[in-house]
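# output the structure for:
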Amino acid sequence: MNGVRLLSVTSVGVTSLILASCGGSSSYDSTSSSGSGPMPASSSARPIVRTAKTSLGAAVVDGSGRTLYLFTKDTGPRSTCSAGCAVNWPPFTAAATPKVGGGVQASAVSVVTRSDGKRQVILDGHPLYFFKGDQSAGQLNGQGLKAFGAKWFIVSPSGKSITGSASSSSSSGSTTPRGYGY
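Numbering: from 1, shown residues only. Now for the predicted structure:
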């Protein structure tokens, strides 16, 4: 009898852990990434675009504090980053226009439908992306990288690229490669 109770309690605990790990509050579309590190999960909650202080000044991040980038190859609101590019630079997707904060103007933020049918967040006409090499909030490992035919930069609250060189990345101390040979 005690063995049955122990099994029942253990099953409830394992089920609780599994359910807890499935939840998420960011609008990152985790289906477009194959990274080894933790990435925010999809959610039906309305995402947030806000600012965070970085070594280069105020930069745009998502609601979880993950850095957002623009791709200089994009010349308008339509993304030119797909396939392998979108695996390394996952688009910031959302079902609805995100909430804004920290100096980001609501009128500058919208969503546009990508060629794959997903809706990507844009700021001041620039599609926004995450970088696979950023494993936690506050990291700037993608800053200034040239990959997939152009450079990637963090974004100011006004939607302009911030082109300076980032000082060492915060948090994990990872040694992410500073570029791809594409």
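# assign Val61 to helix, strand or coil.
Of the three states, Val61 takes strand according to DSSP: H, G, I helix; E, B strand; the rest coil.
# how far away is it from Ile48?
9 Å (CB to CB, to the nearest Å). (C-beta placed from N, C-alpha, C; glycine too.)
# try Ser115
In terms of CB to CB, Ser115 sits 25 Å off from Ile48.
# so which of those two has more stuff around it?
Neighbour tally, Ser115 and Ile48, criterion other CB atoms under 10 Å: the higher count belongs to Ile48, 19 against 10.
# which non-adjacent residue is nearest that one?
Counting by CB to CB, 6 or more residues apart in numbering, Ile48 lies nearest to Gly63, which is 3.4 Å off, once chain neighbours are set aside.
# report pLDDT for that neighbour.
We have a pLDDT of 95 for Gly63.
# give me the neighbour count for it.
Counted with other CB under 10 Å, Gly63 comes out at 20.
# close enough to count as contact, it and Thr51?
No - taking contacts as CB atoms under 8 Å, Gly63 lies outside contact range of Thr51: 11.7 Å.
# how far away is the spatially closest residue to Gly142 that is not a sequence neighbour from Gly144?
The shortest distance from Gly142 to any non-neighbouring residue, by CB to CB, 6+ apart, is to Phe131 (3.2 Å). Phe131 is 11 Å from Gly144, where distance means CB to CB.
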